[in-house]
Structures are given as structure tokens and as C-alpha cells.
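In: coords below, sequence missing:
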DNA sequence: TAGTGGTCTAGACCACATT
DNA sequence: ATGTGGTCTAGACCACTAC
């Protein structure tokens, strides 16, 4: 005897639910191989597309990862803690260390690629930076990886006229990074705003971050303000949501 | 002549890319109906499952929403701005207004349902609250909606022994909400930590938030600390990511 | 080489929304 | 009543992985 109502449920959902229960019970642990399409066809007497659909449910929920030619495997979740407030305190970036070093808490967040160019920024960002219409920005694109696994794409925009000739316009910005250099030219930021959203990745983001199906991205747009209230930098970040926990501390 | 390399691309991806381009160009705007499965089968000379797969790509990217019996429609994005820092400043919850009123910025964030019960909390939360093993917590579950559309599920955990007999254990907590009541019994919170993650929703969350395919949820876990450093409340929130922008402001 | 997941076809029946 | 998307079948060929 089955529990009531299960008859109205599509087959693929019933299969998905049973697989999910097996994962939550620990019958399959992180990294384990699940029954594949052929196994499910035999076990449940369904067609291939139906077995596929069941596995697809777990994939789009991010529980499971399909590896071509190998099988379907349970994913694991071990995120990095990123502290939004403390990491930008003066004690850190005022001296020799880069802002990003603290991200990985002992592990090493490695910069995989840097490009610097003058470009016309998106309209909204140009406006925030107070650029004249059509003026160009210094655009710094970076990709960060942890243990070789890419976890974040970052794009910084700064007023090209302000930073040209400084280390900010070079791939290597030197100790303390962009913010230390801005301080040296009298525009050190003291106030920050981070705006956070989440959505499914574009195919390009999926590619650059090597995301598996069912993994959203988190978007952080950080604006850095000087004491005078000028926005000197806008940093657009795209994070692998399975790689991060963001933390913000504040007082009332 | 096609551009080089397109031949190596699966048909469904090619179709998906063309539809996506049409949306980005504005040929289809928010709320518009896209070509359906039958249209695509005819236009591209493919089988039904292939047309479906193409539309599935846009769905899981959150660009598009399928309505049974009606068609496939372009989704729109109009998020609420939620300020993490200012909304908890003393000026707000110290007086008559509830913390949540500012969320919607003029619109009304309505509480759709409240349940209050004493339960054993998840192990990790009991530990944060400093509860003895097996001790029960006062658990407040709420659902918030904007214009009738559910946008957030919130579950608060407090020490049951601390709040029993107060308005916190009632569905209606009175003006200023939980935090004002905690202040009245000498445990007003002054420091907050919010931890943010994102993932695809569980089927239950999809149901309770009426999420369409391709919409992640954002998880905010907020811990409220007293001046003595006690954690008096843990609030677990599940947000429709398409409904929110989170904002955090801070100084270095 | 055998097995896996990825793509694709050509049908079918259903519940549902709009007309 | 017609057309829509949702589910399902029974085949097929391919590229890739593991052995």
C-alpha cells in the first residue's frame, strides 16, 4: 500500500523524491555515484527520457552533478566565509596586505588572470562615478580561484582620468591594492556600499566559473566612497554561490 | 554563410541563443509571449523534445516562465531594496514602527501567516543560542508578501524560557516587534550578524514562495546579540531572489 | 571495449487556458 | 473547440570515461 495521493504524482518526480531521500539519509554521501539512467530504467520500468528527467530534477536543484561518460555524483558543499565589514577595515588594507587575502581564511585565493583597459563603462556605473557622458573608465577584470577552482569574477571601474599613470592602471597594483593607491593620491575610500543579488548564471559565467547545473551566482556590486562622498570605484563581482558564505556584522 | 564553429553546437542551444538575443534586443519585452513549442518545431524543423529543450534553457536561466495551456512568457525583474544596516538602527525599532515596514519602501510588505510554537531547534541554532541540549526554543514562522505575491519566509528562534509569558510568544508582538519586547525585559539586541548564502530552492520553498523555474533563493541567517554578547535571537530567512536587492553600508 | 551521459526523433495522451 | 505546455514511450547515434 502506498501513501495516499502518490498516484497523482508524475513518475519522474516520484523517482527524484526517492533519490533525494536516499541522499539525505546518507545512503549516498558527497562524491558517491548514484544509480544512472540505465539503472533507473530497469528499477522503475520507465523509458530513458523519464529516468533522465528524474536525474534532471536533482541536477537543477544543485544536489547532484552529471559527469559525461562517468555517471551522476552527489555534490559537496564547503563554502568560503567572506566577511563584508572587517575585511575592509583600515588595519587591513592600510598596510602591506591585500584585501583579498582574508577571503579564504588561511587557504590561498589566487588571482588567475588580470586585464586592465580603458573602456566606456555601463551607463549606470558611469553615472555613479560621476563621469561625463562618453568618458571612459579604467576597467580591471580579474578571476580568483581557490585550489585551482575558479570562484569569483571581479570587474572594477574607476575614473580613467583619475588613475591614469598610477599603479591602478597596471596589472599589479602593489601592496594594499587599489585602495592603498587611491589613498596615496588623496582619494582613499572610507565608506562602502555593497548591493547583493542572486540569479542563475549566463552561459558565459557558467563557463568562466566552471559551474555545474543548478548553481546560482551571487552578484555583489560594491561602491567605494571617499570622505567627501565621491564614488571612486565600483566593483562588480560574480561569485559561485556554492563557494561562498557572505557575512556582515553591524551594530544598531 | 554561418559564422564559423556554429555547426558544432547542439540545435537546442542554437535555438536558445537566438531566442535570448531576441529578448535582449527587446524584440520580446517583459510579459510578452515567445514562440511556443509548435512554432519552434516548424521554424527550425526539429522534434518536439528539441524545441522543449531550447525553451528549457531559458527557463532554467530564469529569463522566461512557462504557463501551462497558455504559452511561454518573458519574465520581469523589479526587486525590493532591503537595507541591512539602516533598517536595524535604534531610531527605527526603538519606537512604534516595525523593522519590516521599511523593506518595501512605500509599498506594503504584508504578513500573510504567523505561527508560534515551542520546538526543539536545529542543533546548530540551539548551540548559538546557548540552549541546553534538548531544551526547546520559541519558534516564530512568518510569510511576507508584497502585493499579494509571497517574497520571504522567516523563522525566528529564541530561548523559550526567556520569552515565555511575553508578547514574543504571541502571534502579535506589538509595536516595535520582537526587538522592542526583548529590550523591555533587559535583553535588547545591539549587534547583528547576517550570513548570506544562495542556492536553488527545495520543492517546498518553490511551493510556499510560488517560485518559477530558474529562480534561486537567498538565505539570510541573522543573529542578534545583546551588549553582553549573548545571542538572543536567530532569524532564518528564505528570500525569492528575483524580489530582492540586499544593501549593506559600512565604513572602514 | 563496454558503459555512461548528451542529443535527437516521431510519435502519444493528458490537463489546462483561452476562445 | 483549439492550442498550449507537461508527461511519457521506444527507439537512435554520438562523445566521452573507465577499464
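Out: It's in. Please read all numbers here as calculations on a predicted model, not as lab measurements.
In: alpha carbons only for contacts and neighbour counts from here, please
Out: Fine.
In: which residues of chain A fall in helices?
Out: For chain A, helices defined by DSSP state H occupy the ranges A:11-24, A:37-44, A:48-60, A:90-93, A:123-129, A:160-163, A:177-184, A:203-208.
In: for the third one, packing partners?
Out: So that's helix A:48-60. Helix A:48-60 sits against helix A:11-24, helix A:37-44, strand A:64-67, with contacts defined as 3 or more Cα pairs under 8 Å, 6 or more residues apart in numbering or on different chains; DSSP states H and E.
In: can you check the last one too?
Out: Based on contacts counted as 3+ Cα pairs under 8 Å, 6+ apart, there is no element that helix A:203-208 packs against.
In: hmm, that helix touching DNA strand C?
Out: No - against DNA strand C, helix A:203-208 shows no contacts by Cα under 7 Å from any atom of the strand, the least distance being 12.2 Å.
In: contacts for that helix, please.
Out: Applying Cα atoms under 8 Å, 6 or more residues apart in numbering or on different chains, the contact partners of helix A:203-208 are A:150, A:211, A:212.
In: buried sites along that helix?
Out: A:205, A:206 (16 or more other Cα atoms under 10 Å in any protein chain shown).
In: sorry, back to before: flag whichever of the helices of chain A has the least confidence on average.
Out: Comparing mean pLDDT across the helices of chain A, the weakest is helix A:90-93, with a mean of 47.
In: could the helices and strands packed on helix A:48-60 be laid out in JSON lines, adding mean neighbour count?
Out: As requested, the helices and strands packed on helix A:48-60 are exported to JSON lines (neighbours: other Cα atoms under 10 Å in any protein chain shown):
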{"stretch": "helix A:11-24", "mean neighbour count": "16"}
{"stretch": "helix A:37-44", "mean neighbour count": "15"}
{"stretch": "strand A:64-67", "mean neighbour count": "20"}
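In: how about the ones you listed, which one is nearest chain B?
Out: Closest of these to chain B is helix A:11-24, at 9.9 Å (criterion: Cα to the nearest Cα).
In: one step back: nearest to residue B:183, out of the helices of chain A?
Out: Closest of these to residue B:183 is helix A:90-93, at 32.6 Å (criterion: Cα to Cα).
In: give me the subset of the contacts of helix A:203-208 that also touch DNA strand C.
Out: Okay, of the contacts of helix A:203-208, nothing touches DNA strand C (Cα under 7 Å from any atom of the strand).
In: nearest to DNA strand D among the residues you listed?
Out: Closest to DNA strand D out of those is residue A:212 (14.4 Å), distances taken as Cα to the nearest atom of the strand.
In: correct me if wrong: that closest one contacts residue A:65.
Out: Yes - between residue A:212 and residue A:65 there is a contact under Cα atoms under 8 Å: 6.6 Å.
In: reformat the helices and strands packed on helix A:48-60 into JSON lines and put distance to residue A:55 next to each item.
Out: Below are these laid out as JSON lines (distance: least, Cα to Cα, whole Å):
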{"stretch": "helix A:11-24", "distance to residue A:55": "7"}
{"stretch": "helix A:37-44", "distance to residue A:55": "8"}
{"stretch": "strand A:64-67", "distance to residue A:55": "8"}
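In: tell me which of those approaches residue B:166 most closely.
Out: In terms of Cα to Cα, the element of the helices and strands packed on helix A:48-60 nearest to residue B:166 is helix A:11-24, at 37.2 Å.
In: run through the residues that contact residue A:161.
Out: If you count contacts by Cα under 8 Å, 6+ apart, then residue A:161 has residue A:137 around it.
In: do the one 5 residues further on as well
Out: Taking Cα under 8 Å, 6+ apart as the definition of contact, the neighbours of residue A:166 are residue A:181.
In: do you know how far it is from DNA strand C?
Out: 46 Å (Cα to the nearest atom of the strand, to the nearest Å).
In: near chain B, which residues of chain A show up?
Out: A:60-62, A:85-86, A:88-90, A:190-202, A:214-218, A:241-242, A:244-252 (Cα under 8 Å from any Cα of the partner chain).
In: selecting buried members of those in PyMOL, what would you type?
Out: Provided next is the PyMOL selection string for whichever of the residues of chain A next to chain B are buried by 16+ other Cα under 10 Å:
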select buried, chain A and resi 60+61+62+85+86+88+190+191+192+193+194+195+196+197+198+199+200+201+214+215+216+217+218+241+242+244+245+246+247+248+249+250+251
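In: wait, residue A:118 sits on residue A:134?
Out: No - with contact defined as Cα under 8 Å, residue A:118 does not reach residue A:134; the gap is 11.9 Å.
In: what about these two, which has more around it?
Out: Neighbours were counted for residue A:118 and for residue A:134 using other Cα atoms under 10 Å in any protein chain shown; residue A:118 has more, 18 against 11.
In: residues of chain A that sit close to DNA strand D?
Out: A:9-13, A:45-50, A:67-70.
In: quick one, which of those residues are buried?
Out: Buried among the residues of chain A next to DNA strand D by 16+ other Cα under 10 Å: A:11, A:12, A:13, A:50.
In: now distance to residue A:154 too, for those residues, in JSON lines please.
Out: Formatted as JSON lines, these follow (distance: Cα to Cα, whole Å):
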{"residue": "A:11", "distance to residue A:154": "43"}
{"residue": "A:12", "distance to residue A:154": "39"}
{"residue": "A:13", "distance to residue A:154": "38"}
{"residue": "A:50", "distance to residue A:154": "40"}
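In: which residues does residue A:60 contact?
Out: So residue A:60 contacts A:213, A:214, A:215, B:60, B:200 (Cα under 8 Å, 6+ apart).
In: just the residues you listed now: which is nearest DNA strand C?
Out: Relative to DNA strand C, and with distances defined as Cα to the nearest atom of the strand, the nearest of these is residue A:213, at 9.0 Å.
In: so who does the closest one touch?
Out: The neighbours of residue A:213, taking Cα under 8 Å, 6+ apart as the test, are A:59, A:60, A:62, A:65.
In: what does residue A:209 give?
Out: Applying Cα under 8 Å, 6+ apart to residue A:209 gives the contacts A:149, A:150, A:151, A:152, A:153, A:240.
In: what about 6 Å?
Out: residue A:150 (Cα atoms under 6 Å, 6 or more residues apart in numbering or on different chains).
In: phi first, then psi, for it.
Out: Phi and psi for residue A:209, reported as degrees, to the nearest 10, are phi -100, psi 0.
In: roughly how far does it sit from residue B:60?
Out: Distance, residue A:209 to residue B:60, using Cα to Cα, to the nearest Å: 17 Å.
In: same question for residue A:117.
Out: Distance of residue A:117 to residue B:60, given as Cα to Cα: 33 Å.
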